[in-house]
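> give the three-dimensional model of this entry:
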Amino acid sequence: MRFGFLGATSVLLGDGFGLGAGVAAGPVKAAAKAKAVIQLWMSGGPSHLDTFDPKPEAGYDYCGPLDKPIATNVEGIRVCELLPLLAKQADKYSIIRSMTHGVNAHETASYMVQSGRPAGGREVFPSVGAVVSLFKGYEAGYRGLIPPYIVLTELQGRFSEAGFLGARCKPFATGGDPAQSRFLVEGVAAPGISEERQRNRRELLHNLNTLGHALEGDARLAALAQCEQEAYDLILGDAGKVFELSQEKDELRDRYGRNTFGQSCLMARRLVERGVPYVTINSKGWDTHKQNFPTMRRKLPELDKGMATLLEDLAERGLLESTLLWWSGEFGRTPKIQWEEPWNGGRNHYGQAFCAVVAGGGFKGGHVVGATDARGEEVKDRPVYPCDLLGSLYELLGIDTGANLPHPQGLAVRVLPGPGEGVKMGGRLTEIV
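This next block holds a predicted model:
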């Protein structure tokens, strides 16, 4: 009983969701074009040259064996040869080839890309997911039993996503693996426990609840009973069914790819379809210090199927117009390949220049923003800093970047830093909005 009822109750209550929320957030602009975000986070940092900024003319020491980029369905835009399905969807997304921040450490780069602020200060600022959870979650009228900020399937562990906003804006990490025959979501499903057994446990719990019977009408017990009802609705009711990918057609699941990333993309679509405002897919394994190219030959086809099908599926269901899709890692990889031992064709961390991809929710498709030099080593045109990208995301969501966040010490802290706060900015992405 503890895993099912108490686990689901912690989803609703214990981590600051649902009944626990209560502090008013700041203003939300009325002109929101997007309702939800799906963040495809490539943890470890993918190479820009091996994905969306190929440089075949740079030579073998920069391209390695991936030296035959392919044309997309948008004239003049090429992508890596291992992304043929995404090449057919280029009219739906735009590539930012001039992302930069100059930070080469995972923790500090992840923090900067996801909060828009440099690390090292006294405050731990919240990630974009936590901010969206605040402005679009329970305190803004969200009424879903599924928490408003979901991570599939594990937290990054690089920094506190909620920052000073605390537990109420903490993401719910599902755990489990959506590619398995049964997606065992933490607190919602457990191995070896069927729905019938869970219902029997609930009946036994009620039979043993003598205090509840003796104190009928008590307000505190009534609140607990409501929380219990919501928890069981999540475990046994329609809300929890969102995690049952068996409800989808096998043909569609195959198109997404029968792997963790592909099925996570399908899961993300189901979640935003249910009204969840922020979903992160934390895709690990992109930190390719060694043997970069064997890893790319394994991971890029999975990325290609999952992301391309997600774009197509969202568009077919009329969801792409209201859903922001954001693909990025914390940085790129060194353009020059390290062929020597022990790296054997690896790439190191590189925050000087990297890529991001955005689609839907008000972003135009079929465009390229910025450019790197001939070897992908420096940004040569239109530098885009994390603050620029996040500011554009917030504005499309109708979130005022100048609004103050609720701070535990009552300090005036904006959603994003202003021009006078010393944070590098290149300007909002007006070219593709």
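
> what about the nearest residue to Glu248 once chain neighbours are set aside, how many residues nearby?
In this structure, Glu248 finds its nearest non-sequential neighbour in Leu266, 6.4 Å apart by C-beta to C-beta, 6 or more residues apart in numbering. Where you see a C-beta, it was placed from the backbone N, CA and C, and this is true even at glycine. Other residues lying near Leu266 total 22 when counted by other C-beta atoms under 10 Å.

> do you know how far the closest residue to Pro126 other than its chain neighbours is from Thr51?
Leaving out its chain neighbours, the residue that sits closest to Pro126 by C-beta to C-beta, 6+ apart is Gly163, at 3.6 Å. Going from Gly163 to Thr51 by C-beta to C-beta, to the nearest Å gives 29 Å.

> surely the residue nearest to Glu248 touches Asp254?
No: using C-beta atoms under 8 Å, Leu266 is not in contact with Asp254, being 10.5 Å away.

> got a pLDDT number for Arg143?
Looking at Arg143, its pLDDT reads 89.

> contacting residues around Lys336?
Contacts for Lys336 (C-beta atoms under 8 Å, 6 or more residues apart in numbering) come out as 61-62, 375, 377.

> tell me where this structure has helices.
For the chain, the helices defined by DSSP state H occupy 7-9, 60-63, 84-87, 106-115, 128-136, 195-208, 210-214, 219-236, 250-256, 260-273, 292-316, 386-396.

> weakest of the ones you listed by average pLDDT?
Ranked by mean pLDDT, the helices of the chain end with helix 7-9 in last place, scoring a mean of 51.

> look up the closest residue to Ala32, ignoring the ones flanking it.
Nearest one to Ala32, counting by C-beta to C-beta, 6+ apart, is Gly398 at 2.7 Å.

> can you get me a residue count around that neighbour?
By the criterion of other C-beta under 10 Å, Gly398 has 17 neighbours.

> and stretch 319-328, how far apart are its ends?
With C-alpha to C-alpha, to the nearest Å as the measure, stretch 319-328 spans 21 Å from end to end.

> actually stretch 334-345, sorry about that
Start-to-end span of stretch 334-345 (C-alpha to C-alpha) is 11 Å.

> quick check: buried residues in that stretch?
Residues 334-338, 343, 345 are the ones in stretch 334-345 that count as buried (16 or more other C-beta atoms under 10 Å).

> more crowded one of Gly163 and Thr51?
More crowded of Gly163 and Thr51, by other C-beta under 10 Å: Thr51, with 27 against 22.

> any idea what sits nearest the more buried one, other than its immediate chain neighbours?
Of all residues not flanking Thr51 in the chain, Cys80 sits nearest, at 5.4 Å (C-beta to C-beta, 6+ apart).

> same check, this time on Leu324
Per C-beta to C-beta, 6+ apart, closest to Leu324 is Gly361, 3.5 Å.

> my guess is that neighbour contacts Ala32, does it?
No: Gly361 lies out of contact with Ala32 (C-beta under 8 Å); the separation is 9.0 Å.

> what do those two both touch?
Contact with both Gly361 and Ala32 is made by residues 396-397, according to C-beta under 8 Å, 6+ apart.

> list the residues that contact Ala32.
Residues in contact with Ala32 (C-beta under 8 Å, 6+ apart) are 396-399.
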